[in-house]
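Asks: Need a 3D model of the sequence below.
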Amino acid sequence: MLSYPLSEQCSNVKVHVTNLFLAYRKTEKLNAVNQAAMPPTSLSVKPRRVAVIGAGAAGLVAARELHREGHSVVVFERGIEVGGTWVYTPRVETDPLGLDPNRPIVHTSLYSSLRTNLPRQVMGFRDFPFVALHGENRDPRRYPCHGEVLMYLKDFAREFGIEEMVRFETEVVKVGILENGKWKVMSKKTSSSTNENNDSIDIVNKIEAEFNDEIYDAVVVCNGHFTQPRIAEIPGINLWPGKQMHSHNYRIPEPFRDQVVILIGSSTSGIDISRDIASVAKEVHVASRSFADETYINQPGYDNLWLHSMIDSAHGDGTVVFRNGKVVLADFIMHCTGYKYHFPFLDTNGIVTVDDNRIGPLYKHIFPPAMAPFLAFVGIPWKVAPFPLFEFQSKWVAGVLSNRITLPSQVEMMEDIKAFYSTLKASGIPKRHTHCMGESQFEYINWLASQCGCQSIEKWRKQMFYAAYENMRLRPETYRDEWEDHHLVLEAHEDFTQYTSILKQIEKK
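Replies: Sure, this is the predicted structure:
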């Protein structure tokens, strides 16, 4: 996976990614003054008290960069360990579709068989390479399982002393701005218990919950965006008698044994799950809006897996009709249709909104101009190599907060955002794909690097990212175990030699 289970949010993705790249280039030309690398300000560096919400990959690297810059950092994490979405649990939510706003939330969307869809060399933070280490339960494969990614993040947190900054089992309930420009963060303690299946669960005693109010200079939001499901709209679905769920609640294929299953979505996670389920199901039918209306293909290598155009309608007799005219009597519909950005704790008095999955207004996907730099978001872009992108975003946020790096004026930032939105619209990119980057991620990262005064993204990393996607296209069944970019692997590991001492220390531990 692109390092997270991706959903079918980017239909006709090649066209959209190309258009998005052009949109960025147009915005660069329209805002040349604002886009130029800004030298460090002459103002003295000022440490801030900063709240970081979430101890996943984004929160961990944000905490490190903020601490490196001299800020006082507190990381709020509702779970019992670092890792965010990479903390696997067999537990699923009580509402399979994730529509009930009062349901107990399970943060992760990982399924048991998940392996990364990017090579580990691309995924790692710049100065902490994601190399194979010896040890119990380690996975040395180039495309490792989710457990290996979690161990890497835990190694990262230990190496840089981040765990000492984290308040575990602490959920942020509300974040609001005060009249003096400070931020009040209300949190409550949670506790971990186990259910009858011995699964770890988070529980909160609403009567005896311990609430705590604290004041911070700044807040960095890193709560992830793979928890709040998006559900496909299907005519007649309210009359259809079968079962439905979102892939957020998929873990293992066994519940689908001998069932006829329809999956909506052809992204990486949808493809993985369809093959997982096909090992036990009677039939698996994958529907996607990115397929032409006449599409009806038997997946090579499978006698029970078919690709269809999108669903046209569902009916009370249990049948589902596709746009290609095929009719399937189905037991289950699984929505592999992506997620919504969701910040239920954040109160900005309407300044920051989520409209059709566009968080706005955000300057460079990070700062709301009216609240910059004291409210920032790290980890919003998708269809990216996330960990390196989070790292550069965090460096910029940390430098801006300390006055070492200067932002444009609020007016200039808003003009930049408006120009970006205009070019997206002119390029035919829907609002819901505002934060979908693809090719433009590297230009974006290099812009952040120029702002921070650090080196741009490594050439081998960019080339390996593209090679991985091409290999996935050519070898959809085996790309995780067969590849041809060996020269890039060698180049990456040569680059990693400068961090050998750190890695040896980790392996000894």
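
Asks: Show me the helices in the stretch 201-350 of the chain, by range?
Replies: 268-278 (DSSP state H, counting those that start in this stretch).

Asks: low pLDDT regions in it?
Replies: For the stretch 201-350 of the chain, applying pLDDT under 70 flags the ranges 201-209.

Asks: At which residues are the strands of it located?
Replies: 211-216, 218-221, 228-229, 243-246, 260-264, 283-287, 296-298, 305-308, 311-314, 319-322, 327-329, 332-335, 339-340, 346-347 (DSSP state E, counting those that start in this stretch).

Asks: Please produce CSV containing the ones you listed, extended by mean neighbour count.
Replies: In short, each C-beta sits where N, CA and C put it, glycine included. Putting the strands of the stretch 201-350 of the chain into CSV (neighbours: other CB atoms under 10 Å) gives the following:
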stretch, mean neighbour count
strand 211-216, 13
strand 218-221, 26
strand 228-229, 22
strand 243-246, 20
strand 260-264, 25
strand 283-287, 25
strand 296-298, 12
strand 305-308, 22
strand 311-314, 21
strand 319-322, 20
strand 327-329, 14
strand 332-335, 23
strand 339-340, 20
strand 346-347, 16
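
Asks: Any chance of CSV for those, columns distance to residue 253?
Replies: What follows is those, written out as CSV (distance: least, CB to CB, whole Å):
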stretch, distance to residue 253
strand 211-216, 42
strand 218-221, 35
strand 228-229, 20
strand 243-246, 13
strand 260-264, 9
strand 283-287, 10
strand 296-298, 20
strand 305-308, 13
strand 311-314, 22
strand 319-322, 20
strand 327-329, 19
strand 332-335, 11
strand 339-340, 22
strand 346-347, 37
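
Asks: Ok, which of these comes nearest residue 465?
Replies: strand 339-340 (22.2 Å; CB to CB).

Asks: who touches the closest one?
Replies: With contacts defined as CB atoms under 8 Å, 6 or more residues apart in numbering, strand 339-340 is touched by 7, 9, 109, 225, 226, 227, 228, 229, 230, 248, 354, 357.

Asks: That one: partners in the sheet, and parallel or antiparallel?
Replies: strand 228-229 (antiparallel) (DSSP bridges).

Asks: what does the partner strand contact?
Replies: Applying CB under 8 Å, 6+ apart, the contact partners of strand 228-229 are 97, 98, 99, 246, 248, 335, 337, 338, 339, 340, 341, 342.

Asks: For residue 403, grab the count of nearby residues.
Replies: Neighbour count of residue 403, defined by other CB atoms under 10 Å: 17.

Asks: Roughly how far does it sit from residue 65?
Replies: Residue 403 sits 15 Å away from residue 65, going by CB to CB, to the nearest Å.

Asks: Likewise for residue 229?
Replies: On the measure of CB to CB, residue 229 and residue 65 end up 31 Å apart.

Asks: residues contacting the spatially closest residue to residue 368 that is not a sequence neighbour?
Replies: In space, and not counting its chain neighbours, residue 368 is closest to residue 352: 4.9 Å by CB to CB, 6 or more residues apart in numbering. Taking CB under 8 Å, 6+ apart, we find residue 352 in contact with 343, 346, 359, 360, 361, 362, 368, 371, 375.

Asks: again with residue 396
Replies: 366, 405, 448, 451, 452.

Asks: Assign a three-state SS to it, would you?
Replies: Under DSSP: H, G, I helix; E, B strand; the rest coil, the three-state class of residue 396 is helix.

Asks: just to revisit the earlier point, in strands, which of the contacts of residue 352 appear?
Replies: Of the contacts of residue 352, the ones assigned to strands by DSSP state E are 346, 359, 360, 375.

Asks: which of these has the weakest pLDDT?
Replies: Lowest pLDDT among the ones in strands among the contacts of residue 352: residue 360, with 93.

Asks: how far away is it from residue 420?
Replies: For residue 360, the distance to residue 420 (CB to CB) stands at 10 Å.

Asks: More neighbours: the two, which one.
Replies: Taking other CB under 10 Å, residue 360 and residue 420 do not tie; residue 420 has more neighbours (24 against 18).

Asks: Looking at the more buried one now. What's its pLDDT?
Replies: Note on residue 420: pLDDT of 97.

Asks: Same check on residue 30?
Replies: Reported pLDDT at residue 30 in the predicted model: 41.

Asks: Same list, the contacts of strand 228-229, but as a markdown table with distance to residue 146 please.
Replies: Output for the contacts of strand 228-229, formatted as a markdown table (distance: CB to CB, whole Å):
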| residue | distance to residue 146 |
| --- | --- |
| 97 | 23 |
| 98 | 20 |
| 99 | 26 |
| 246 | 18 |
| 248 | 15 |
| 335 | 21 |
| 337 | 21 |
| 338 | 19 |
| 339 | 17 |
| 340 | 22 |
| 341 | 22 |
| 342 | 22 |
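
Asks: so which of those residues would you say is closest to residue 443?
Replies: The nearest member of the contacts of strand 228-229 to residue 443, counting by CB to CB, is residue 341 at 22.8 Å.

Asks: Give me the buried positions along the one helix or strand residue 489 maps to.
Replies: Counting by DSSP states H and E, the element that carries residue 489 is helix 486-496. For helix 486-496, burial by neighbour count (16 or more other CB atoms under 10 Å) applies to 488, 489, 491, 492, 495, 496.

Asks: Verify the stated contact: residue 81 with residue 89.
Replies: No: applying CB atoms under 8 Å, one finds residue 81 not in contact with residue 89, separated by 11.0 Å.

Asks: When those two are compared, which one has more neighbours?
Replies: residue 81 (19 against 14).

Asks: And the more buried one, how close does it get to residue 178?
Replies: Applying CB to CB, the value for residue 81 to residue 178 is 32 Å.

Asks: what's the helix or strand for the residue nearest to residue 88 when sequence neighbours are not counted?
Replies: Leaving aside its chain neighbours, residue 88 sits nearest to residue 110 (4.6 Å; criterion: CB to CB, 6+ apart). For residue 110, there is no enclosing helix or strand under DSSP H and E.

Asks: Next, the contact list for residue 110, please.
Replies: Counting by CB under 8 Å, 6+ apart, residue 110 has contacts 5, 85, 86, 88, 146.
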